[in-house]
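# Predicted model and sequence follow; I will ask about them next.
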Amino acid sequence: MVSGGMTCVKYLLFCFNLLFAISGLAILVVGVIAHLHVYSQYSNFVYPSYQAAPIILITVGVIIFLISFFGCCGAVKENHCMIITFSVLLAIILVAETAAGVVGYINRNEVEVMLENKLNSTMYKYYTNSDIRRTWDIAQHELNCCGMHGPDDWHKVNNNDSLPHTCCPNAQNDGSCNKNTEHSLNSCFNALKTLLMKYASLIGAVGLGIAGFQVLGIIFACSLARHIRKEYETV
């Protein structure tokens, strides 16, 4: 039975794990939002490694939620084995998050090159690949943009003044959208770059915030486990 200052640590660890479970749900939600609203919709515009980021976040969120169970039970029951298991799992997740954060920071400089390559190559497949056409239509409609850098880019694809119907917000999908119709002048390259950088920053901020939180949990857990072990040895 812990006593004195370690009783405080015990209850701090229990409260920490409640917050930890909530943080796991927060990571899960951020991962789901990023996956559904960005990476799955624009899968043809990003590399597979970028598409994996929200999936990893979702997985980490679920694991964190489950790990918090060991911490709560270990703190309440003063179970040395459960607390050590909790500490080890927490440390593994911490290392994984740190590694993912470092990779994400390094890869962020590749966003422009990635979009340059993917947008340029997929434009020429717009009329022959239905999946790519769908991705372009979503981007131009949702981001209110037209072409990679502007509507003139489509002239290189069509060799005429016609534009995809999603370039013209008020036009029907009947081939009437062209350079003489009211159309968007915004660059899809800039719009997608802003969107990807925004979500990359959000994912990074959430990951670093939770990582800092985890360090405190590991310290509390190790202190409590060490004290419990000493009391068992004394008995």
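Structure's in. What do you need? Residues are numbered from 1 along each chain as shown.

# Tell me, what's the model's pLDDT at the residue sitting nearest the centre point of the chain?
The geometric centre of the chain, computed from its C-alpha atoms, lies nearest to P54 (CA atoms, centre = their mean), at 3.6 Å. At P54 the predicted local distance difference test score is 77.

# OK, contacts around it?
If a contact means CB atoms under 8 Å, 6 or more residues apart in numbering, then P54 has G31, V32, A34, H35, V38, Y39, I203 as its contacts. Just so you know, the C-beta spots here come from the backbone N, C-alpha and C atoms, and that holds for glycine as well.

# is it true that the last one touches I27?
No - under the criterion of CB atoms under 8 Å, I203 makes no contact with I27, lying 9.1 Å away.

# which residues in the chain form helices?
5-34, 48-77, 80-107, 111-123, 130-142, 153-158, 188-234 (DSSP state H).

# which residues touch the shortest one?
Which is helix 153-158. Under the contact criterion CB under 8 Å, 6+ apart, helix 153-158 has outside partners M123, Y124, Y126, Y127, C146, G147, D161, S162, L163, P164, C167, K179.

# Quick one, which of those residues are buried?
Buried by 16 or more other CB atoms under 10 Å: M123, Y126, C146, G147, S162, L163, P164, C167, out of those.

# Which residue comes closest to L28 once chain neighbours are left out?
Taking CB to CB, 6 or more residues apart in numbering, and ignoring the residues beside it in sequence, L28 has G61 as its nearest neighbour in space, at 3.1 Å.

# hmm, back to that, of the contacts of helix 153-158, which is the nearest to L90?
M123 (46.2 Å; CB to CB).

# out of everything not next to it in sequence, what's closest to the closest one?
Of all residues apart from its sequence neighbours, V157 sits closest to M123 (CB to CB, 6+ apart), at 5.5 Å.

# The one you found: neighbour count?
By other CB atoms under 10 Å, 16 other residues sit near V157.

# any idea how far N178 is from it?
When CB to CB, to the nearest Å is the yardstick, V157 and N178 sit 13 Å from each other.

# go on, A205?
With CB to CB as the criterion, A205 and N178 are 43 Å apart.

# same deal with Y42?
Noted for Y42: a distance of 25 Å to N178, by CB to CB.

# repeat for I27
Spatial separation of I27 from N178 under the definition CB to CB is 46 Å.

# So between the two, which is more surrounded?
Under the criterion of other CB under 10 Å, the comparison of I27 against N178 puts I27 first, with 25 against 17.
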